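Participant: got a structure for you, letters missing:
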């Protein structure tokens, strides 16, 4: 059995990001795709976000290798319903979503300790390339 950690981040301003670690894999559902799907199926974008949240939760629960929560349809429907109504749900310790100008990261990288090596990796990586970042002590 392949074990990996998955991160699913839904952002109603830009789309849905799926990231797995070890191996690193990324899939992005753009907001345009969400809107196209919604139009094709006569739904709102919020309803589509709810469906994706419910499906992602179902996938995670059914394949969870740790503490498996209740594997019942009502749980998935509850997650989907909450998201479609504008609620925010997170299993992460933190999740930041922001529109940033990364051009200035190189100038200020010394101010982001312990992230300096990560900032260096982010600004030097070509598109589609993932680099492992290390944390730097003060």
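Facilitator: Perfect, thanks for sending it. Here the structure is a predicted model, which means the values were calculated and not measured. Numbers count the residues shown, from 1 in each chain.
Participant: Out of the helices and strands in this protein, which is least certain?
Facilitator: helix 105-108 (a mean of 67; mean pLDDT, DSSP states H and E).
Participant: Tell me which helix or strand comes right after it.
Facilitator: Remark: after helix 105-108, the chain's next helix or strand is helix 116-124, criterion DSSP states H and E.
Participant: Which elements pack onto that following helix?
Facilitator: When contacts are defined as 3 or more CB pairs under 8 Å, 6 or more residues apart in numbering; DSSP states H and E, helix 116-124 packs onto helix 105-108. The way it works is simple: take the backbone N, C-alpha and C, and place the C-beta from them, glycine included.
Participant: How is the chain divided into domains?
Facilitator: 5-94, 100-138 (automatic domain parsing).
Participant: Out of these, which gets the lowest mean score?
Facilitator: Of all the domains of the chain, the minimum mean pLDDT falls on domain 100-138 (a mean of 66).
Participant: Give me the helices and strands touching the longest helix that the chain contains, please.
Facilitator: Longest helix in the chain, counting residues (DSSP state H): helix 45-63. In terms of contacts (3+ CB pairs under 8 Å, 6+ apart), helix 45-63 is packed against strand 5-11, strand 15-21, helix 31-40, helix 73-84.
Participant: Residue 124 is nearest to which of these?
Facilitator: Minimum separation from residue 124 across these (CB to CB) falls at strand 15-21, 19.8 Å.
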